[in-house]
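[1] the following comprises the amino acid sequence and a computationally predicted model.
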Amino acid sequence: MAIDPSAPYASGIRRALPSARIVVDHFHVVMLANKMVTDVRQRVSRDRHGRRGRNADPSWANRQLLLRAGDRLGDKARARLDALFATVDPTGEIAAAWQCKELLNRQHPNTPLKCEEPLNSRLPSTTTTYDTCAGCGTSSATRSLIR
């Protein structure tokens, strides 16, 4: 049974249908990854400026660019993204969160993730993914996404 990653839903299904296989669909995995990128971007901006993002802040102005699929970025958009990482991401946390989102987004949508299965167990090159998403000083939001 494909569900969104909600503990109450999974618990209810396990009680009512103990032999059912519970999976998380691709849409919800990507949605959580996008939320994680937004959370990291907002936190980095608050840490850097001591306030919320504003129209003049590059990370806020390019927030939608961070949520687009990397394989759908043109040359100009990719150059803007690279410039964003170079100018407003001194710790590399936004870039690491975006890379983690891209790795998750590349998962085949017809192979749902089991709720009991860690996200990083299904990613290509688990060691590389873990290093990218959790081992490079990224936020707790990034680390919790891959656990």
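    That came through, no problem. All figures in this text were calculated on a predicted structure; none of them were measured in a lab.
[2] where does this protein dip in pLDDT?
    108-147 (pLDDT under 70).
[3] okay, helices next: where are they in it?
    7-16, 26-49, 58-61, 63-67, 75-88, 93-105, 126-133, 140-146 (DSSP state H).
[4] pick the most buried one from the ones you listed.
    Comparing the helices of the chain by mean neighbour count (mean count of other C-beta atoms under 10 Å), helix 93-105 ranks first with a mean of 23. Placement of C-beta: from N, CA and C, glycine included.
[5] CA atoms of that one as CSV?
    Output in CSV follows, covering the C-alpha atoms of helix 93-105 (Å, rounded to 0.1, in the frame of the first residue of the first chain):
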residue,chain,number,x,y,z
GLU,A,93,24.9,23.4,3.2
ILE,A,94,22.5,24.7,0.5
ALA,A,95,24.5,22.9,-2.2
ALA,A,96,24.6,19.7,-0.2
ALA,A,97,20.9,19.8,0.4
TRP,A,98,20.2,20.4,-3.3
GLN,A,99,22.5,17.5,-4.3
CYS,A,100,20.7,15.2,-1.8
LYS,A,101,17.4,16.3,-3.3
GLU,A,102,18.7,15.6,-6.8
LEU,A,103,19.8,12.1,-5.8
LEU,A,104,16.4,11.4,-4.4
ASN,A,105,14.7,12.8,-7.4
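[6] contacting residues around the most centrally placed residue in the chain?
    Centroid check for the chain by C-alpha atoms, centre = their mean gives residue 33 as the closest residue, at 2.4 Å. Applying C-beta atoms under 8 Å, 6 or more residues apart in numbering to residue 33 gives the contacts 100-101, 104-105, 145.
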